[in-house]
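In: got a sequence here, can you model it:
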Amino acid sequence: MDHGVLTHGRAGHGHSSNGHAGAEHSARSVESLYASDVFTDRVMQQRLPKDVFKRIQRTITHGEPLDARLADVVAAAMRDWAIESGATHYTHWFQPLTGQTAEKHDAFLSPDGRGGAISEFTGSMLVQGEPDASSFPSGGLRTTFEARGYTAWDCTSPVFLVRSAGTVTLVIPTAFVSWNGEALDKKTPLLRSMQAVAAQAMRILKIFGTDTGVTSVIPTIGAEQEYFLIDRELYFKRPDLLSCDRTLVGARPPKGQQLEDHYFGSIPVRALAFMTEVERELVRVGVPVKTRHNEVAPGQFEVACHFETANIACDHQMLVMETLRRVATRHGLQCVMHEKPFAGVNGSGKHVNWSLATDTGVNLLDPRDDTHTNMQFLVFLCAMIRAVDMHADMLRASIASANNDHRLGANEAPPAIISIFLGDMLMDIIEQVESGKAKKTIKGGTLDLGANTLPQIPRHSGDRNRTSPFAFTGNKFEFRAVGSSASIAWPITVLNAIVAESLDFVASELERSVGSRPTEARLQQSVRTLLQKMVRQHKRVIFNGDGYSKAWHDEAAKRGLPNLKDTVEALPAMRSKKAVDVMKRFGILSKVELESRYHIFLEKFVKQVTIEAETLAQIARTQVLPTAIRQQTEFAESVTATEAADVPATSVREMLEIYADLIGRFRTQTISLESLLSEEHHDDPVKHAHFIKTKVRPVMNAVRDLADELERRTSADLWPLPTYREMLLLK
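Out: Below you'll find the predicted structure:
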């Protein structure tokens, strides 16, 4: 879907009125509900002394260092507001390298030593917490006996209340670091990357003289979330869904998504009731939900949010996932966010729309009407092209996971080859830039729909391309390859980092060529020369065609673009000298911090596929095989009974022989899988990952193929698992 860039602030949203009294009343109701459980700017202004409010706002909006002396005043106001709202506990909410969120709840009340209790929440409690860091993934940064870690309040992300299980908790978004200060989470490097890209973007604005009144540039994000809904009773009957969040066996039903009748169709009543409750909960905590609809696969849906500041959008995206899972259970549903929970139908992604905005509200990726004259926009555009071309392997590694391996490159998702789609208008301008000077902009015009009762509608100057992993869509880039179960913080950190590197290159080149006192003519000439050079060097990454086609894979190979097909191939890009240099130069991650993430992600891949393989072997041994033997017995008894009646049993015997052969092959592959799993693990995690990729996964696929064939040939009353037809098509 398309997002308009709204505000870059704490919660980008807007109101409109059509003048109808009912609509105005509805808008007021929504406004009273919106962010009612958030410690918003308005609440702070009401509860804090004027000078304290102004100083904390400067930290939030301009990135000024946080004055620790303000913390006690803010904490007292926050505590009073939370307790008045029914809160009994508070928690530092952070995002460790598990890819999930983490929290430890502490009570506001403490014994006073005289048989009573006092309400305690000081500035130091707000600013810093001390969770145990030993049991979170650290990739070698910490050992088990080194337990100390710290959470640090991210004052730029709003504090909010969570109401669940009859209790109210004050939730404080925080960063999470080790005792030595290394980042153990996904927020810390994200905030550092935002600072890096902002600094380099400001240099570009200064060169063009458009920095007047601008104090910062903010990466803005609008994220879309795809997911499946499954009846909870059926979910609990599937060990694979329970343990792995995806089906490891399951024959395709006759009707899947072939008729394309689910996409954008009427939302089922049960799903709509669920969505409505999700949206109400999200609105209360300030998450600006924009869109809901049926997705392509049966049982698949999507929710999308407005644009927000990047770190807030990442926090809110984690809240979206948690809320979807929590609310689904109240409706007898299970929300499944695995990238490929069902074979044969579309998997789920998380399209991340990214842009840059000034704190004065200007979208730096807005091409405007006469784009060919908008040199500042073209500088940012070409810097993006350069960044993606030079660091495509890093972008690919940022979305690599065992889950996403099942989705990338299939005829439903962007390929593993990272390329950019620009559309007709921008492609035409880029070609003009390459030839020397841009002189015109293709206009979109209007569409006459041929019926007098239908309006003439504006036609965009370029189409959209759903096969592109990184597409320009009007006034932003859409990173379509991010997985549905993933945190968006890490891909956005990498994207910010490579854009910062590219903007740094562009700014340095222009600063050298235009000098300290540039004339307009000299600036224009320097920009044209640099843009022409960048286009010629990096246009190979631009592709506006069908990314699913084999022809593109062949063409990409000729262009020298990396095609990192799976996690094992993609992750090494994270430890390359180039990646280390980029992350270190801009203060985003040190070499050891980056190396730790490589090991964590590799280890997670190994563990996740191993769990899947062991679950599959268990299902095969304890459910599929016993069921198949019962079916074989029925066939055998039928043959015996038929022949005893002196009737030829040729067809039944043939069925028996085919089925017995299937069982034999299925049992052989199951034994092979169990044998592989019993082998000693490699000490080298890289070798272990290659073993999982080249040995274990192919046998898992063989076991699945045979299990699915057995399902197709087994009586429905015998088959022990809920089928795809039941899980996908029952509303």
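
In: which stretches in the stretch 551-700 of the chain count as helices?
Out: Per DSSP state H, counting those that start in this stretch, the stretch 551-700 of the chain carries helices over the ranges 567-570, 577-585, 591-619, 625-644, 650-678, 685-691, 697-713.

In: for Val345, find the nearest of these.
Out: helix 697-713 (14.1 Å; C-beta to C-beta). C-beta coordinates here come from the backbone N, C-alpha and C atoms, glycine included.

In: tell me what that closest one is packed against?
Out: helix 591-619, helix 625-644, helix 650-678 (3 or more C-beta pairs under 8 Å, 6 or more residues apart in numbering; DSSP states H and E).

In: winner for burial among these?
Out: helix 591-619 (a mean of 19; mean count of other C-beta atoms under 10 Å).

In: what packs against that helix?
Out: Helix 591-619 packs on helix 239-244, helix 402-405, helix 567-570, helix 577-585, helix 650-678, helix 685-691, helix 697-713, going by 3+ C-beta pairs under 8 Å, 6+ apart.

In: so for the longest one, what's the average pLDDT?
Out: By that I understand helix 650-678. Here helix 650-678 scores 95 as its mean pLDDT.

In: wait, isn't Leu333 in contact with Met275?
Out: No. Using C-beta atoms under 8 Å, Leu333 is not in contact with Met275; the gap is 10.8 Å.

In: looking at these two, which is more packed in?
Out: Set Leu333 next to Met275 and count neighbours by other C-beta atoms under 10 Å: Leu333 wins out with 23 against 20.

In: quick check: nearest residue in space to the more buried one, chain neighbours excluded?
Out: Leu229 (4.9 Å; C-beta to C-beta, 6 or more residues apart in numbering).

In: that neighbour: neighbour count?
Out: Leu229 has 23 neighbours, counted by other C-beta under 10 Å.

In: partners of it in the sheet?
Out: Taking DSSP bridges, one finds Cys335 as the beta-bridge partners of Leu229.

In: looking at the chain, which residue reaches furthest from the middle?
Out: Relative to the centre of the chain, and counting by C-alpha atoms, centre = their mean, the farthest-placed residue is Asp646 at 64.9 Å.

In: give me the pLDDT value at that residue.
Out: So, for Asp646, pLDDT stands at 87.

In: so how far is Pro298 from the residue most central in space within the chain?
Out: The structure's the chain has its C-alpha centroid closest to Ile488; by C-alpha atoms, centre = their mean the separation is 3.9 Å. Per C-beta to C-beta, to the nearest Å, Ile488 is found 26 Å from Pro298.

In: repeat for Phe666
Out: Phe666 sits 28 Å away from Pro298, going by C-beta to C-beta.

In: how about Met78?
Out: 45 Å.

In: could you do Val362 as well?
Out: Distance from Val362 to Pro298, by C-beta to C-beta: 43 Å.

In: looking only at neighbour counts, state which of those two leads.
Out: Shown here are Val362 and Pro298; by other C-beta under 10 Å, Pro298 has more neighbours (26 against 17).

In: run a quick neighbour tally on Pro698.
Out: When counting by other C-beta under 10 Å, one arrives at 13 neighbours for Pro698.

In: about what we covered before: for Ala304, find the nearest of the helices and strands packed on helix 591-619.
Out: Once those are compared by C-beta to C-beta, helix 402-405 is nearest, at 19.6 Å.

In: output the closest one as PDB, nothing but the C-alphas.
Out: What follows is helix 402-405 as a C-alpha-only set of coordinates in PDB (Å, rounded to 0.1, in the frame of the first residue of the first chain):
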ATOM      1  CA  ALA A 402      15.800 -19.100   8.300                       C
ATOM      2  CA  ASN A 403      12.200 -17.900   8.000                       C
ATOM      3  CA  ASN A 404      12.800 -15.500   5.200                       C
ATOM      4  CA  ASP A 405      14.700 -18.100   3.200                       C
END
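
In: cool, thanks, signing off.
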